[in-house]
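# after the sequence you'll find the predicted model.
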Amino acid sequence: MRRFEVDWNRAMAMGLVKVIMQNDDGDDDGVEDEDGDGIPDEVEEVGEMLWQHNGLLYALFNHYAALSHSLDSLSLNSWTTFVQDCHLANNKSRFCKVAHMDQVYLRADSMGKRYEATLEAKAKDDAREQERQKGFVERSKRAVKDQEHMLSRGEFNIALVCIGINKYVLTGEVKDVSDAMHRLLGVDVQSRLGALVTTDPDIFRCCFCYPEPTCLILKTHEAVLHVIFEYIAAFGAKSLGRADKADPSDAKRKTPTITLKEWLSALKHLEIMDRDLSERDALRCFSWSRMAVEDYQSHKGHHKNTVLPFEGFLEALCRVAAQKALATDEEVFMAGLEADLPEYMHQLKMGDVESYNQLLDARKIPWCGAPPDDFPRAVECVIRMFEHAIKRVPPPCIDDHK
């Protein structure tokens with residue numbers, strides 16, 4: 001609830017109230033403010049409609065942000081893909097041509113930039129006043145600016161409201177913007193996007209990560225998992241002699257974490273990424289394993305929103321296990337390797353790459369597909385694949401990245 005409240009308030013501060021009121025039907029519910037909070041009732045009704053679909057909104061944003069190889073912003077290409085997936089553009093329409101959808105994106109982005117400029121100006125004024133009164137300037141609570149030409153969560157919400165207005169209010173199909181958002185999210189988006197986009201991350205956690213058999217596997221291999229976690233964390237810029245990971249608050253962090261860059265670099269280096277696990281799906285495994293953050297643009301919130309602690313890493317590993325193509329125990333035994341599945345997969349790849357690729361193509365599980373029936377076994381196999389790869393593949397050298 002708090003996360004949505006922060007995003008909604010930010011969208012209103014960017015100018016969403018004006019957008020809604022300019023396109024409301026003018027009835028009393030649009031201009032009335034029964035609770036006296038200064039926000040017109042119609043605006044509150046739009047907020048309530050978005051709140052009813054907040055799970056869908058966050059799943060949408062995370063999915064299409066991943067297409068941008070991002071955790072917290074959405075590119076124009078990803079926006080275009082979203083519009084196409086939901087069949088929102090129609091060149092025969094008066095207000096919903098492809099060009100209109102691009103304009104919606106640019107409008108939401110520009111509203112966010114104006115809001116950023118206002119905040120920056122206020123921050124400078126506050127800093128000058130603090131320095132005048134106290135002799136020093138306190139650190140700003142707001143850490144992260146919206147990326148240039150990318151949509152933040154607040155801007156994404158604005159863009160969705162603009163589409164609802166174009167598609168239903170301007171055409172006269174509905175009078176209230178809140179009704180337009182109900183049609184847009186409840187019908188156009190929800191009905192056209194399957195589990196690939198709209199599945200709640202908590203469902204996977206409850207059904208596959210938290211059950212006792214999976215927990216027992218993770219507990220049994222806890223020591224190895226810590227080794228894997230530390231190996232991935234070592235892919236940071238500090239270990240490779242680069243400055244691009246440096247963060248002023250690094251030294252103050254008490255809880256070890258891994259970043260997206262470390263996660264992707266390690267999975268690529270260890271050859272965990274393959275035909276059965278694309279880089280985009282590896283990013284999704286990381287992104288969907290994050291816990292909800294109230295305000296991802298505060299110093300603390302941004303850090304929590306862009307890293308995984310050890311527990312989050314365990315979930316990401318489970319999500320990898322839900323996709324990886326694995327040999328059966330019988331295949332491993334017939335090869336004379338007893339229970340050494342990682343070695344079997346490695347030997348198959350080195351000795352018969354065609355058969356190896358055929359195995360991956362036949363048994364890989366698409367994102368949000370049904371995990372293996374024996375999911376705890378899959379988790380254990382993936383843990384052992386990580387362990388085997390760490391022993392076999394030397395860590396990267398500093399010289400390799402210069």
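Happy to help now that I have it. Note that the coordinates shown come from a computational prediction; the quantities given were computed from them, not determined experimentally.
# in this protein, where is pLDDT below threshold?
When residues are selected by pLDDT under 70, those of the chain lie in 25-37, 126-127, 129-147, 194-196, 198, 237-254, 395-402.
# run through the residues that contact the spatially most central residue of it.
Nearest residue to the geometric centre of the chain (C-alpha atoms, centre = their mean): residue 62, 3.3 Å. Residue 62 makes contact with 71, 284, 287-288 under the criterion C-beta atoms under 8 Å, 6 or more residues apart in numbering. Every C-beta, even on glycine, is put in place using the N, C-alpha and C of the backbone.
# buried subset of those residues?
The neighbour count (16 or more other C-beta atoms under 10 Å) marks 71, 284, 287-288 as buried among the contacts of residue 62.
# looking at those residues, which are in helices?
Per DSSP state H, helices hold the following members of the buried ones among the contacts of residue 62: 284, 287.
# residue 261: which of the buried ones among the contacts of residue 62 is nearest?
Distance ranking of these against residue 261, using C-beta to C-beta, places residue 71 first at 10.7 Å.
# isn't that closest one right next to residue 303, touching?
No - using C-beta atoms under 8 Å, residue 71 is not in contact with residue 303; the gap is 11.8 Å.
# can I get the contacts of residue 62 in TSV with distance to residue 262?
Below are these laid out as TSV (distance: C-beta to C-beta, whole Å):
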residue	distance to residue 262
71	13
284	16
287	14
288	17
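# looking at these, which is nearest residue 393?
For these, the nearest to residue 393 is residue 284 (23.5 Å; C-beta to C-beta).
# for residue 66, see how far away the closest one is.
Using C-beta to C-beta, to the nearest Å, residue 284 is found at 5 Å from residue 66.
# can you give me the neighbour number for the residue nearest to residue 310 when sequence neighbours are not counted?
If the residues on either side of it in the chain are set aside, residue 310 comes closest to residue 229, at 5.6 Å by C-beta to C-beta, 6 or more residues apart in numbering. Residues within reach of residue 229, counting by other C-beta atoms under 10 Å, total 21.
# and the end-to-end length of stretch 317-327?
With C-alpha to C-alpha, to the nearest Å as the measure, stretch 317-327 spans 18 Å from end to end.
# for stretch 78-95, same thing?
First-to-last residue span, stretch 78-95, C-alpha to C-alpha: 21 Å.
# quick one: buried residues of that stretch?
Buried residues in stretch 78-95, defined by neighbour count with 16+ other C-beta under 10 Å: 78-83, 85-86, 88-89.
# before we move on, what about stretch 176-195?
Buried residues in stretch 176-195, counted by 16+ other C-beta under 10 Å: 176-185, 188-190, 193.
# and which of these is nearest to residue 120?
The closest of these, once distances to residue 120 are taken by C-beta to C-beta, is residue 177, at 29.9 Å.
# my guess is that closest one meets residue 44, correct?
No - using C-beta under 8 Å, residue 177 makes no contact with residue 44, being 11.3 Å away.
# domain assignment for this protein?
In terms of domains, the chain is parsed into 2-198, 201-324+364-401 (source: automatic domain parsing).
# closest to residue 348 out of these?
domain 201-324+364-401 (12.0 Å).
# show me what the lengthiest helix in the chain is packed against.
When the chain is scanned for its longest helix (criterion: DSSP H), the result is helix 98-134. Judged by 3 or more C-beta pairs under 8 Å, 6 or more residues apart in numbering; DSSP states H and E, helix 98-134 is in contact with helix 76-85, helix 153-164.
# in that helix, what's buried?
In helix 98-134, counting by 16+ other C-beta under 10 Å, buried: 100-101, 104-105, 107-109, 111-113, 115-116.
# ditto for stretch 306-322
306-308, 310, 312-322.
# three-state assignment of the residue nearest to the centre of the chain?
Under DSSP: H, G, I helix; E, B strand; the rest coil, residue 62 falls in the helix class.
# good, wrapping up.
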